[in-house]
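Undergrad: sharing a model prediction with you, sequence too.
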Amino acid sequence: MELQGRNNHFIFAGWDTVELAKQFGTPLYVISEGIIAERCNEIKETFLNKYSNTKAAYASKAFLTMAMCKMIEREGLGLDVVSGGELYTAMKAGFPMEKVMFHGNNKSWEELELAVENNIGRIIVDNLYELELLEEIATRQNKKVQILFRVTPGIEGNTHKYIVTGQKDSKFGMPLEPKKIYGVVKHLMSSEYVELKGFHFHLGSQLFDNDIYIGAIEVITKLMYDLKRELGFITTELNTGGGFGIRYTEKDQPKPLSYFTDAIMNAIENQCKEYDLDLPTIIIEPGRWVVGEAGITLYTIGAIKDIPDVRTYASIDGGLPDNPRPALYKAKYDAIVANKAEEKLEMTTTIAGKCCETGDILIWDLETPKIESGDILAVLSTGAYNFSMASNYNKLLRPAVVLLTEEHAEVMVKRETYNDLLNREMIPKSLKKQSCIEEIKEVSQQ
Ligand SMILES: Cc1ncc(COP(=O)(O)O)c(C=O)c1O
Ligand SMILES: N[C@@H](CCCC[NH3+])C(=O)O
């Protein structure tokens, strides 16, 4: 990322962000195809090509559009989805269904039906209720589905408590209680329509240490050994999830992907040797790591409120609805005043969203040049879990998404309009009878 400006403007992925703001308006999500491609190459070089019998799927919950599916397909990765909506997006984008993995702790009958009808590659079964539904659906469709079973290895990641998932006390997956697991595996070994290939775990998100992956692998390989010894079940696939941390501010010191993948592969190789097990196929499924640093959000600064001896607030034309992460997880972001990229940082500014919430503060105490209304603010590392978690709270319009390639800056998601906000709404007949509605209509037509 080029932090130094051209003409005092902040350049992102080769593009002048002030010009982008002028051309497409703000707030604006900007995604760099080049950075996504670099990340995918790193996955290939340090994992897929370095170790045989490995696969990688992009966790699409981080950022999903049909265009993103096209990029992921072109890069040769698989896709992890967690809902009928994500699956439908992949289907509409023509993504190869055999490379799709379906997660989620409460998949509905309809979602599972859609997945089986479309022959998706793997269903990651979370619980016994889901297994019952799936067996019934597969039997009705007379199809054999291939699954992994999600387990919680009882390992806790050091991250925000809302994004840890591998601990025993979790809504996800089956705790490692041998008797229960033996029962499920035994049952599946004789199932006509559901084939158990192995196990899945996901330890949490925005993780910086590899030791918890190693710990989880030690726990799972022991399970693999016990299942082989007790039941003769051979685990042929192990999905070790995603969660690799990225840089939001200078306080984050992310490690290269190989720090995680080498540790995962060394641990699995050592453990399999120790237990005399064949190496299963190892799958990783990063989301944030692929797309997080590939995105920025551009805003225009409006009202500035200086409270002497307290602080200066600069309000932007977006906030919590397009980036709920600071309010949800106290997530920290860094930002640059895009039209003053080369100017001296001389004041401390708190960046406030425009939502009617005291907690809608995007960044506390950001070092900035002298801030003025009309300045363009570029918030960094917003590629993951911003667009995908955006809402219309306060009936704010969701921003457009622009994709940057070397030659083009093109809209991949249109900015919402006021009509978009209302297009699912209708006035129930019972209310239409009431004259006050007519009055409201008349007033609004004046
Ligand atoms: C099952 C599963 N896989 C992958 C991911 C992707 O996580 P991240 O974006 O942190 O890589 C998540 C989200 O935490 C997840 O729940
Ligand atoms: N939405 C979360 C990550 C959750 C990942 C899904 N299990 C975030 O923004 O950090």
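TA: Ah, there it is. Ligands and ions are numbered 1, 2, ... in the order given.
Undergrad: what are the ranges of the strands in the stretch 201-350 of the chain?
TA: Here the stretch 201-350 of the chain has its strands, by DSSP state E, counting those that start in this stretch, at 237-239, 281-284, 295-307, 311-316, 335-337, 347-352.
Undergrad: ligand 2: which of those strands is closest?
TA: Relative to ligand 2, the nearest member of these by Cβ to the nearest ligand atom is strand 295-307, separated by 12.5 Å. All C-beta spots, glycine's among them, are computed from the backbone N, C-alpha and C.
Undergrad: what's the spacing between residue 148 and residue 433?
TA: As defined by Cβ to Cβ, to the nearest Å, residue 148 lies at a distance of 55 Å from residue 433.
Undergrad: for those two, work out which one has more neighbours and name it.
TA: Set side by side, residue 148 and residue 433 show more neighbours around residue 148, with 22 against 9, by other Cβ atoms under 10 Å.
Undergrad: quick check, the helix or strand where the more buried one lies touching ligand 1?
TA: The secondary structure element spanning residue 148 is strand 145-152 (assigned by DSSP states H and E). No - using Cβ under 6 Å from any ligand atom, we find that strand 145-152 stays clear of ligand 1, coming within 7.5 Å at best.
Undergrad: now the residue nearest the centre of the chain: phi and psi?
TA: Nearest to the mean C-alpha position of the chain, by Cα atoms, centre = their mean, lies residue 62 at 1.7 Å. Reported as degrees, to the nearest 10, the phi and psi values for residue 62 are phi -70, psi -40.
Undergrad: where does the nearest residue to residue 128 once chain neighbours are set aside land in three-state SS?
TA: Nearest-residue entry for residue 128: residue 184, 6.9 Å, with adjacent residues in sequence omitted and distances by Cβ to Cβ, 6 or more residues apart in numbering. Under the three-state scheme (DSSP: H, G, I helix; E, B strand; the rest coil), residue 184 adopts helix.
Undergrad: does residue 55 touch residue 283 like I think?
TA: Yes - in this structure, residue 55 is within contact of residue 283 by Cβ atoms under 8 Å, at 4.6 Å.
Undergrad: need the residues touching each of the two.
TA: Between them, residue 55 and residue 283 share the neighbouring residues residue 78, with contact defined by Cβ atoms under 8 Å, 6 or more residues apart in numbering.
Undergrad: what pLDDT is listed against the residue nearest to residue 128?
TA: At residue 184 the predicted local distance difference test score is 94.
Undergrad: might one say that it is in contact with residue 149?
TA: Yes - using Cβ under 8 Å, residue 184 is in contact with residue 149, at 6.7 Å.
Undergrad: which of these two has more neighbours?
TA: More crowded of residue 184 and residue 149, by other Cβ under 10 Å: residue 149, with 25 against 16.
Undergrad: isn't that one right up against residue 200?
TA: Yes - the pair formed by residue 149 and residue 200 meets the contact definition of Cβ under 8 Å, at 7.0 Å.
Undergrad: which neighbours do those two share?
TA: Common neighbours of residue 149 and residue 200 are listed as residue 124 (criterion: Cβ under 8 Å, 6+ apart).
Undergrad: residue 56 is in what secondary structure piece?
TA: Secondary structure here is read from DSSP H and E; on that basis residue 56 sits in strand 54-59.
Undergrad: any idea how far that strand is from the chain center?
TA: Centroid separation for strand 54-59 versus its chain: 13 Å, with Cα atoms, centre = their mean, to the nearest Å.
Undergrad: what does stretch 299-307 give?
TA: From the chain centre to the centre of stretch 299-307 is a distance of 30 Å (Cα atoms, centre = their mean).
Undergrad: over to stretch 390-402?
TA: Here the centre of stretch 390-402 is set off from its chain's centre by 18 Å, with Cα atoms, centre = their mean.
Undergrad: over to stretch 6-21?
TA: Per Cα atoms, centre = their mean, the centroid offset for stretch 6-21 relative to its chain is 26 Å.
Undergrad: so which bits of it are buried?
TA: Using 16 or more other Cβ atoms under 10 Å as the burial criterion, the residues of stretch 6-21 that qualify are 9-13, 15-18, 20-21.
Undergrad: with secondary structure and pLDDT added, can I get these in TSV?
TA: Output for those, formatted as TSV (DSSP: H, G, I helix; E, B strand; the rest coil; pLDDT from 0 to 100):
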residue	secondary structure	pLDDT
9	strand	97
10	strand	97
11	strand	97
12	strand	98
13	coil	98
15	strand	98
16	strand	98
17	helix	98
18	helix	98
20	helix	98
21	helix	98
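Undergrad: contacts only, for whichever residue of the stretch 1-150 of the chain sits closest to ligand 1.
TA: Of the residues in the stretch 1-150 of the chain, the one nearest ligand 1 is residue 59, at a distance of 3.5 Å by Cβ to the nearest ligand atom. Taking Cβ under 8 Å, 6+ apart as the contact definition, residue 59 lies against 80, 242, 285-288, 290.
Undergrad: please redo it, this time with the cut-off set to 10 Å
TA: With contacts taken as Cβ atoms under 10 Å, 6 or more residues apart in numbering, residue 59 has the following neighbours: 79-82, 86, 101, 103, 202, 205, 241-243, 284-291, 384.
Undergrad: for residue 298, same thing?
TA: For residue 298, the contact set (Cβ under 10 Å, 6+ apart) comprises 10, 12, 17-18, 20-22, 24-30, 316-318, 338, 376-379, 382, 399, 402.
Undergrad: where is the longest helix in the chain?
TA: Of all the elements of type helix in the chain, the one with the most residues (DSSP state H) is helix 211-231.
Undergrad: who does it touch, helix- and strand-wise?
TA: Here helix 211-231 is seen to pack against strand 145-152, helix 178-189, strand 194-200, strand 237-239, helix 257-275 when contacts are counted using 3 or more Cβ pairs under 10 Å, 6 or more residues apart in numbering; DSSP states H and E.
Undergrad: out of these, which comes closest to ligand 2?
TA: Each of the helices and strands packed on helix 211-231 was scored for nearness to ligand 2 using Cβ to the nearest ligand atom, and the closest is strand 145-152 (11.9 Å).
Undergrad: any residue of whichever helix or strand comes after that closest one up close to ligand 1?
TA: Past strand 145-152, heading to the C-terminal end, the next element that is a helix or strand (DSSP H and E) is strand 174-175. No - if you take Cβ under 6 Å from any ligand atom as the test, strand 174-175 misses ligand 1, and the best it gets is 13.8 Å.
Undergrad: please shift the residue numbers so they start at 34 in all later answers.
TA: All set: I'll call the first residue 34, so the last point we hit is now strand 207-208.
Undergrad: strand 207-208 - contacts with which helices or strands?
TA: strand 178-185, helix 211-222.
Undergrad: hmm, who's touching it?
TA: Residues contacting strand 207-208 (Cβ under 10 Å, 6+ apart): 158-161, 164, 182-187, 200-202, 213-214, 217, 232.
Undergrad: is there a quick PyMOL command that grabs whichever of those are buried?
TA: Of the contacts of strand 207-208, the buried ones can be selected in PyMOL as follows, counting by 16+ other Cβ under 10 Å:
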select buried, resi 158+159+160+164+182+183+184+185+186+187+200+214+217+232
